[in-house]
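Trainee: return atomic coordinates for the entry below.
(2 chains)
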Amino acid sequence: MLADPFATLGAPYRFDLDLPAIEKVHRELSRALHPDRFAQAGASERRAALEKAATVNEAWRVVRDPVRRAEALLAIGGIAVGENREPQASPALLMDVLEHREALADARAKNDMVKIRALRSAFEARERSAEEKLTQGFALAFAATQSSPWRERREALEAILPALGELRFFKRLLGDVSAIEEEQA
Amino acid sequence: MTDLLEIFDPKAPPRAIGIDLGTTNSIVAYVKNEKPCAVVDCDGQALLPSVVFYGHQGNVVVGRNAALHAAESPRETIVSVKRFMGRGAGDPETKRLGPYAFAKPKPGDPNTIFFDVHGKSITPVEVSADILRTLKRLAEDELRSIGGAVITVPAYFDDAQRQATKDAGRLAGLDVLRLLNEPTAAALAYGLEKKQNGKFAVFDLGGGTFDVTILVLDDGVFQVRSTGGDSALGGDDMDRALAHEIFQLSGHDSDAASPSEVRVALDLARRVKHALTTATEVELENPFAKQPSSFVVTRARFNALIEPLLARAGTVCRCALKDAELGAAELDGVILVGGATRVPAVRAYVSKLFGKEPLSDIDPDQVVALGAAVHANLLAGQSTNDEVLLLDVIPLSVGIEVGCGVVDRILPRNTTIPTAARATYTTQQDNQTGFEIHVVQGERELAADCRSLAHFTLRGIPPMPAGIARLEVTFRIDADGLLGVHAREQSSGKEQAVSVKPSYGLDEQTIEQMLLDAIDHGEEDLMLRRLAEARIEAHRIVTSTRKSLASDADLLAAGEKERIESALVTLEKVAAEAQANDVRRLQLHIEDLDAATKDFAGRRMNRSIARAIEGKKLDAIEGAVKNSKGIEAAHAPPTNATKES
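Mentor: As a prediction, this is how the structure comes out:
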C-alpha cells in the first residue's frame, strides 16, 4: 500500500461502503489528476499529478475489492496481513472447504450442472455471511478506538481474522465454480 | 509575451496528430474544425501500407510503392513489421511462414530481432520508424508544422512492445505525447460521435493483433473495465492459413517454397480473402504450375480454415466479460474495428457471441486513427471538450519472480493506470549485499511461462544477517502503460542503485546511435532537433507557469512569486536566443524554473484534490451510513491519515 486508501478517497474506516458513491469520488479525482490533464504542464507538475493519480487508482483498487479492503483496514489497525502471516484456519473450516471441494470435483466429473449451480448458491451464501461478519467486526473495532485503549482494538481486529480467511476460501471456491462453468460452456 | 513557437512557423500553430501504426496499414489523422479527419496522400489515399523496402543503394521506400517490390525482393521488403516489435531473437514469431532472413545477434547486442537486409542488420524499431517518418512528412505537407503525436498500440501489447513503439516514435523525430490503446481510441471516436452513455465491447481484429476491450462510457469518462487479446492473431493468420491451402491445392510443398513463392502465396491469399467478402467462391489460376490450371476456393472452406482463429478470439472475449463482471446481455453495443472484421464469418461470429448486431458505421480501417487524433488534440490542450477522460488499464499482470521460479503478482491485469504498488523483500543469506529482481508480465504461475520484462540489481546493501534487510520495491506504470521500477533498502534508509536491464528491446545508447545514423548530417542536425525539442518544452512550462501564477496567486509564499518570475523571464530570454550548442544551457534553465515551481505545484495539486473531493466526500459518508444496517455512524479518517504503510 502506498497511502491510506480510505483517506485518499475520503471514505470512512468501515467494511460496508457505498461503492457507487466512492466510485464517483474516484472519477472526480481522476478528472482532476489524470496525467492527460497535465500534458501541457511543466515537469514537476506532471510528476506530481502522475504520482497522485497512481495513488488514487491504487486506493480505488484496494477499496472496491472486499478481501483487499479488509486487509487494508487491518493494516491501518496495525495488524500484519497476508495469508502467510495470519493464523491458520480452524480445523472445522478446513474440513468444510475440503468437503465442498470434493463435492465440486464430483459434480464436475459427472457434468452435473444442477449440482454445480446449487454449490454456487451455497458458496455465495457463505461469502455473504463472511462479509457480514467483517462488517460487524470492523464496526466494533473502529468504534472501540473512540473510547477504549489501543489493546482492545487490537483484540477486536484479531477476532476478525477468521472471517477474512473464510471470505478468501469461499471466493476461491467461487472462482473454481466459474472456471468449471466456462469449461462446460 | 512573444510566442516562442512563432520562431518556427509564423503562420500555423503546430497541430497534434494521431497515428495508427498498424500491422497492414498505417494512418495519420488530426482534428480539423473540431472533427477528426485522416490525412490523404497525393493519390487521395488515407491508408499507407505498412511496408518498407530497403534498396541496394540505401534508398528506403515506404507504402504502396514498397509493396510492389515484395514479390521480387521478399527479404528486402519488410511487411507486417508490427508482429516483430519488442520480440527477442529466438521468438517463435520468427519461425512462422514468412520470407525473411534473420541475422544472428552478436554477443552484447540488444535482445531484439534483426532482419538481415543486404547483409545489414535492421531492427523492427527502425523499420517502424521509417513508416512513422513517412506519416510525419505526410502530415507536415498538410499542416506545415506538427506538435506532439499520439501513437496507438494494441491494448494487449506488453511492456516491451510498447517501449519498442515509443522508441520508434522518438527515432522518427516525433514528440510522443502518449501511447493509446487501439480499442480505446476507437471507442473515443464512436463515443464522441454518438454521445451515448453505456457499456460497450470493442472487438478489434487487425492485420496481426486481436484485442477486445469492455468499457463504460459515462458523461465523457471512458472507463475501461477489462481488456484481453492475443498479440499474434489477426488477418495475417487468415492469409497464412489460406496460403497453406493454396500450396496444397496447387500441389506445391510449402516447406520447399522459395521466399518469393511464399510471398506470392501470401499475397494471393490476401486477395482471395478480400474477394470472399462479397463472393461465395473464387477461381484461381495455379501460380506454381507450369501448365495453366486452376482451382476454386469457396467461402465455406475459408470459414472452416479460420474457425480455430475465431474460437481463440471467442475465449478471449468471454474472459474479458468475466473480468468486467458483465454478461453479454448487459452490453449496450459492440464496436467493430480493424480490416479483418470485414470478413463475413467474423461479423457472424461476433453477433452470435454478444447476441447483438455489431456497429461498424465508422470505417473500421480509420476509426483508430480518428480516435487517436481526438486524444492528441485533447492532450495538446487544443480541444474545447474538457469533460473527456480516458481511464485505461494494464492488459497483463505484473509480478516478480520469487523462490522456486514462482511469480508474486504485484499488479493484477485490468488495474487502472497510472498505478503504483509497493512490495517488500528480504535477503536470503548472511551479509548479502546485492539483490537481483526479475520482473515478469503474464498470468501464469511460473515466471518461465510469463514474459520477462527486466532484471534489475540492487547493490550496496549493508552487510547484515539474512532476513534483516528490507528491500522496498516500488513499481509504477504510467499512462502509456510503461513500467518503471524504484528500490530502497529500508533499514539503512538509503535509496539503492538500481540498474534495470530490459529483457527485450534497445538500450538508451543504441537508440542514441540510431538517432545519429538516421539523420543526414548527423551530429549537427541532431543538436538542432534537440534544440527544437527543448524550446517546445520551454514554451510548455512557461505557458503553464504563467497560467498557474494567474489562477492560484493566493497559494504563493512570500518571495516565491519573485523567484518564479525571475526564473521564468530568464528562461524565455535563453530560449529565444539559444543556438544549436546551447541546448544544455536551455535545459538547465528549464530545470531551474521547474525547481522554483516545485512546492507551488504541490500546493496546486492539493487544491485540485480538495476541490474534486468536496461535496463528493459527504455523499460517500452519508451513503455509507444509509447502508450501514443500524451500525453506528461512520468515522471519517483523520485528515493526516495519509501515510506510507
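
Trainee: which helix is the longest one in chain A?
Mentor: With secondary structure taken from DSSP state H, chain A has its longest helix at helix A:113-147.

Trainee: and the next helix or strand past it?
Mentor: helix A:150-158 (DSSP states H and E).

Trainee: ok now that next one, how far from the chain's centre?
Mentor: Helix A:150-158 has its C-alpha centroid displaced from the chain centroid by 20 Å (CA atoms, centre = their mean, to the nearest Å).

Trainee: show me which residues of the stretch 1-150 of chain B sit near chain A.
Mentor: residue B:148 (CB under 8 Å from any CB of the partner chain). (Glycine included, C-beta is placed from N, CA and C.)

Trainee: apply 6 Å and report the result again.
Mentor: By CB under 6 Å from any CB of the partner chain, no residue of the stretch 1-150 of chain B approaches chain A.

Trainee: spell out the residue ranges of the helices in the stretch 1-150 of chain B.
Mentor: B:64-67, B:124-143 (DSSP state H, counting those that start in this stretch).

Trainee: re earlier: distance from the chain centre to the longest helix of chain A, please.
Mentor: Distance, centroid of helix A:113-147 to centroid of chain: 11 Å (CA atoms, centre = their mean).

Trainee: with stretch B:383-391 instead?
Mentor: 20 Å.

Trainee: which part of the stretch 1-150 of chain B gets nearest to chain A, residue-wise?
Mentor: The nearest approach of the stretch 1-150 of chain B to chain A comes at residue B:148, 7.8 Å away (CB to the nearest CB).

Trainee: how about the contacts made by that residue?
Mentor: Residue B:148 sits next to B:16, B:175, B:177 when contact means CB atoms under 6 Å, 6 or more residues apart in numbering or on different chains.

Trainee: picking that back up, the helices of the stretch 1-150 of chain B: which one's closest to residue B:329?
Mentor: helix B:124-143 (40.3 Å; CB to CB).

Trainee: residue ranges with poor pLDDT in chain B?
Mentor: B:1-12, B:192-194, B:384-385, B:492-501, B:518-524, B:615-645 (pLDDT under 70).

Trainee: is it possible to get CSV of the contacts of residue B:148 that adds distance to residue B:515 and neighbour count?
Mentor: CSV is the format used below for these (distance: CB to CB, whole Å; neighbours: other CB atoms under 10 Å in any protein chain shown):
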residue, distance to residue B:515, neighbour count
B:16, 22, 28
B:175, 14, 17
B:177, 19, 24
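
Trainee: which residues in chain A form helices?
Mentor: A:5-8, A:19-33, A:43-64, A:66-76, A:91-109, A:113-147, A:150-158, A:161-184.

Trainee: what's the closest of these to residue B:354?
Mentor: Of the helices of chain A, nearest to residue B:354 by CB to CB is helix A:161-184, at 16.3 Å.

Trainee: secondary structure element holding residue B:452?
Mentor: In this structure, residue B:452 sits in strand B:451-459 according to DSSP H and E.

Trainee: name the next helix or strand downstream of that strand, please.
Mentor: In N-to-C order, the element after strand B:451-459 by DSSP H and E is strand B:471-477.

Trainee: comparing the helices of the stretch 1-150 of chain B, which comes out most buried?
Mentor: Across the helices of the stretch 1-150 of chain B, averaging neighbours per residue (mean count of other CB atoms under 10 Å in any protein chain shown) puts helix B:124-143 on top, at a mean of 22.

Trainee: helices and strands around that helix, which ones?
Mentor: strand B:15-21, strand B:25-32, strand B:60-62, helix B:159-171 (3 or more CB pairs under 6 Å, 6 or more residues apart in numbering or on different chains; DSSP states H and E).

Trainee: any idea which of these is most buried?
Mentor: strand B:15-21 (a mean of 29).

Trainee: coming back round to it: in a markdown table: the helices of the stretch 1-150 of chain B, plus distance to residue B:489.
Mentor: Listed next are those as a markdown table, based on distance: least, CB to CB, whole Å:
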| stretch | distance to residue B:489 |
| --- | --- |
| helix B:64-67 | 52 |
| helix B:124-143 | 35 |
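
Trainee: cheers, nothing more for now.
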